[in-house]
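Visitor: please work out how this folds:
(chains A, B, C and D)
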Protein chains: 2
Amino acid sequence: MSYISYMIDDNASSSPLSRKAAPPTDFGFRPLYRQVKEEFVRRMVDGRWATGTALPSEQGLAAELGVSQGTVRKALDELAAENVLVRRQGRGTYVAEHDEARILFQFFRLVPDDGIARFPDSEVLSQGVHAARKDERDALVLPSGAKVARIGRVRSLGRSPVILETLSLPDRLFPGLTQSPVPNSLYAHYAAHYGITIAHTTERLKAVTLAGEDAARLDRPDGHPALRVERLATALDGRAVEWRVSLCLTDSAHYLVNDAPKGPHKAAGT
Amino acid sequence: MSYISYMIDDNASSSPLSRKAAPPTDFGFRPLYRQVKEEFVRRMVDGRWATGTALPSEQGLAAELGVSQGTVRKALDELAAENVLVRRQGRGTYVAEHDEARILFQFFRLVPDDGIARFPDSEVLSQGVHAARKDERDALVLPSGAKVARIGRVRSLGRSPVILETLSLPDRLFPGLTQSPVPNSLYAHYAAHYGITIAHTTERLKAVTLAGEDAARLDRPDGHPALRVERLATALDGRAVEWRVSLCLTDSAHYLVNDAPKGPHKAAGT
DNA sequence: TCGGGAATGTCTTATATAAGTTATATGATA
DNA sequence: TATCATATAACTTATATAAGACATTCCCGA
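Guide: Below you'll find the predicted structure:
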């Protein structure tokens, strides 16, 4: 008797969720908790839940959306597993912030051979808006004729330069980005000033040898090996928003890839 | 009234699980579902659940362990998220197999620039048992004097060599491994013949330039850039079991890193 | 070959208890 | 009075259970 709302669900409720989105073909069926999750993502994308915001309690959200607490919980748990939300027992659930610690943990993989990851300093070499090159249009899925904001910079750990990189972003999404000095921590800047949250990155690595100006900028001789990292960053809604090509010195650092589970996983020791 | 078993739990049950392992200090407390998970890992480690095995149903496991189906489900879900189990609605839950598709998906990250990942062929150059070098002992946590099985091989995609690598394994865990020809797909071999399941890898990457014999083996001139990948593979129970150093050519391939969530995650598109 | 179950995993709801955090009240002390 | 420590209340999320509806798959029989 108490399962009526689950069975019929969209007859008299003001809820934006419906169990079957496509009645004719059953294609596109999504579980309720996933629809709830998508609603939460919408709220973050459109700014209702900005980074750092404390969410209402599970009970409150459940009442508001007309679903049970368990369903809300499953949606929140998945978003927490994706590092989009942060949950703390007794305190509440928060929209994750792009602070240095999180970026270091989630996105920055170049770590010193002896020691732990640190956030590198940046020196901007150039910044401006240009017509997008073909590689940029391909990566960012832009039409021909589109413009990109382009930033060149050198990043250092300690005193010596380690990374030489060029960033490209759709000018339409980041108007005015390069008209004032850009901060060291870009992802926090995107979130704070453009409401765009970087949620996910894909990186392609190649080994190359340095030459000419690149070698000079990194203070290494021609023919010195370096790691070339192409990173495509996508926002919460899945749009590609940043294309980054980095030349990384790996003389006293390495690129770390760990396929370990993120959360409180760990197999039982014997 | 039906929650008594949850509250006292270990008074009259034959269950191997207990809610509080350490009564004096509450240190070492683990939730029930995690104890269930550890029990499942034990069964895989000691061979009761070999790779490919179909697990009993959730209801059956719940009845056997004296917990609810939801608790079993939470444990199974975490193991599935770690790629240790594979769940298919309507079919059942299976211990993941180390077939080529899974290795390609989970462990092999060197993909051709144009096209999709393929499993490379191998040509073994050398295999034998030796006294462990210091770097091997450090990586595999072996005492001085320990012996390792060592394998050198060249791997090719299509006709041209792409990877030159050396593998080291504790001889104690893999007796006789190098006394007969080793197969191309090693992780399946470990599981089938030694009951050791590779669950997790950590890789450290550096850019280097080739020289001497390495260059010759890979058919490239001295000074040619290559990706040096150090991989430490650990088993289900957390032990380090394989140490691998690979030199990868990235002329027409790249190393792919994707931080996307594994499972059925994907943010809502607008 | 087709269709109808049976088995199994998946989703949803509901409820109860545990445990961590924060705010508020209380009372002793300086 | 002001301050500090402690108790307590009121939140929150985390864990656990149970039961029913639903989707998917597979097998068996017509």
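Visitor: where does whatever residue of the stretch 1-150 of chain A ends up closest to chain B sit, in terms of helix or strand?
Guide: Closest to chain B within the stretch 1-150 of chain A is residue A:38: 3.5 Å, counting by Cβ to the nearest Cβ. (Glycine included, C-beta is placed from N, CA and C.) When secondary structure is defined by DSSP states H and E, residue A:38 falls within helix A:32-45.
Visitor: that helix vs DNA strand D: in contact?
Guide: No. Using Cβ under 7 Å from any atom of the strand, no contact is recorded between helix A:32-45 and DNA strand D, whose separation bottoms out at 10.5 Å.
Visitor: report the mean confidence score over that helix.
Guide: Helix A:32-45 comes out with an average pLDDT of 93.
Visitor: next structured bit after it?
Guide: Toward the C-terminus, helix A:32-45 is succeeded by helix A:58-65 as the next helix or strand (DSSP H and E).
Visitor: tell me which other helices or strands the helix or strand just after that next one touches.
Guide: Next helix or strand after helix A:58-65 toward the C-terminus (DSSP H and E): helix A:69-81. In this structure, helix A:69-81 packs against helix A:32-45, helix A:58-65, strand A:85-88, with contacts taken as 3 or more Cβ pairs under 8 Å, 6 or more residues apart in numbering or on different chains; DSSP states H and E.
Visitor: list the contacts of helix A:69-81.
Guide: By Cβ atoms under 8 Å, 6 or more residues apart in numbering or on different chains, the list of residues contacting helix A:69-81 from outside reads A:32-34, A:36-37, A:40-41, A:55, A:58-59, A:61-62, A:65, A:85-87, A:93, A:262-263, B:81, B:261, B:265.
Visitor: now a ChimeraX select for only the buried ones of those residues.
Guide: Applying 16 or more other Cβ atoms under 10 Å in any protein chain shown to these, the buried members can be selected in ChimeraX as follows:
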select /A:32,33,34,36,37,40,41,55,58,61,62,65,85,86,93 /B:81,261
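Visitor: let me see the mean pLDDT of the helix or strand residue A:229 falls within.
Guide: With secondary structure defined by DSSP H and E, residue A:229 is part of strand A:225-235. Per-residue pLDDT values over strand A:225-235 give a mean of 97.
Visitor: what residues does the stretch 101-250 of chain A put near chain B?
Guide: A:106-107, A:109, A:199-209, A:223, A:225-228, A:236-238, A:248, A:250 (Cβ under 8 Å from any Cβ of the partner chain).
Visitor: phi, psi for the closest residue to residue A:219 other than its chain neighbours please.
Guide: Once flanking residues are discounted, residue A:219 sits nearest to residue A:161: 5.9 Å by Cβ to Cβ, 6 or more residues apart in numbering or on different chains. Backbone torsions for residue A:161, taken as degrees, to the nearest 10, come to phi -70, psi 140.
Visitor: ok, what's across the strand from residue A:161?
Guide: Beta bridges link residue A:161 to residue A:156, judged by DSSP bridges.
Visitor: number of residues surrounding it?
Guide: 18 (other Cβ atoms under 10 Å in any protein chain shown).
Visitor: residues contacting it?
Guide: Contacts here follow Cβ under 8 Å, 6+ apart; on that basis residue A:161 touches A:154, A:155, A:217, A:218, A:219, A:249.
Visitor: so where is the stretch 1-150 of chain A shaky, pLDDT-wise?
Guide: By pLDDT under 70, the low-scoring segments of the stretch 1-150 of chain A are A:1-29.
Visitor: in it, which residue sits nearest DNA strand D?
Guide: In the stretch 1-150 of chain A, no residue comes nearer to DNA strand D than residue A:57, which is 3.2 Å away by Cβ to the nearest atom of the strand.
Visitor: would you map the helices across the stretch 101-250 of chain A?
Guide: Here the stretch 101-250 of chain A has its helices, by DSSP state H, counting those that start in this stretch, at A:134-140, A:186-194, A:212-217.
Visitor: I'd guessed residue A:96 sits against residue A:88; true?
Guide: No. No contact is recorded between residue A:96 and residue A:88 when judged using Cβ atoms under 8 Å, the distance being 11.7 Å.
Visitor: hmm, residue A:190 is touching residue A:197, no?
Guide: Yes. With contact taken as Cβ under 8 Å, residue A:190 and residue A:197 are classed as touching, separated by 7.4 Å.
Visitor: list residues touching both of those two?
Guide: Among the neighbours of residue A:190, those also in contact with residue A:197 (Cβ under 8 Å, 6+ apart) are residue A:98.
Visitor: how much space between residue A:203 and residue A:111?
Guide: Relative to residue A:111, residue A:203 is positioned 15 Å away (Cβ to Cβ, to the nearest Å).
Visitor: who has more neighbours out of those two?
Guide: When neighbours are counted by other Cβ under 10 Å, residue A:203 comes out ahead of the other of residue A:203 and residue A:111, with 21 against 17.
Visitor: residues contacting the closest residue to that one other than its chain neighbours?
Guide: Excluding its sequence neighbours, the residue lying closest to residue A:203 (Cβ to Cβ, 6+ apart) is residue B:257, at 4.4 Å. Taking Cβ under 8 Å, 6+ apart, we find residue B:257 in contact with A:109, A:202, A:203, A:204, A:205, A:257, B:109.
Visitor: which among those residues end up buried?
Guide: The neighbour count (16+ other Cβ under 10 Å) marks A:109, A:203, A:204, A:205, A:257, B:109 as buried among the contacts of residue B:257.
Visitor: restricted to strands, list those.
Guide: Judged by DSSP state E, strands contain the following of the buried ones among the contacts of residue B:257: A:203, A:204, A:205, A:257.
Visitor: would you turn these into a markdown table with pLDDT and distance to residue A:118?
Guide: Rendered in a markdown table, the data for these read as follows (pLDDT from 0 to 100; distance: Cβ to Cβ, whole Å):
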| residue | pLDDT | distance to residue A:118 |
| --- | --- | --- |
| A:203 | 97 | 19 |
| A:204 | 97 | 24 |
| A:205 | 98 | 21 |
| A:257 | 95 | 19 |
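Visitor: and the residues you listed near DNA strand C, which?
Guide: Applying Cβ under 7 Å from any atom of the strand to these, none is adjacent to DNA strand C.
Visitor: for the residues you listed, which one is nearest residue A:184?
Guide: The shortest separation between residue A:184 and any of these is 20.0 Å, and it belongs to residue A:203 (by Cβ to Cβ).
Visitor: across the sheet, point out what pairs with the closest one.
Guide: Residues in a beta bridge with residue A:203, per DSSP bridges, are residue A:231, residue B:257.
Visitor: up against DNA strand D, what does the stretch 51-200 of chain A have?
Guide: If contact is defined as Cβ under 7 Å from any atom of the strand, the residues of the stretch 51-200 of chain A in contact with DNA strand D are A:55-60, A:70, A:73, A:76-77, A:87-93.
Visitor: now with 10 Å, please.
Guide: Contact residues of the stretch 51-200 of chain A with respect to DNA strand D, defined by Cβ under 10 Å from any atom of the strand, are listed as A:54-62, A:68-70, A:72-73, A:76-77, A:80, A:85-94.
Visitor: care to break chain A down by domain?
Guide: The record's domain split for chain A, according to automatic domain parsing, is A:4-95, A:108-255.
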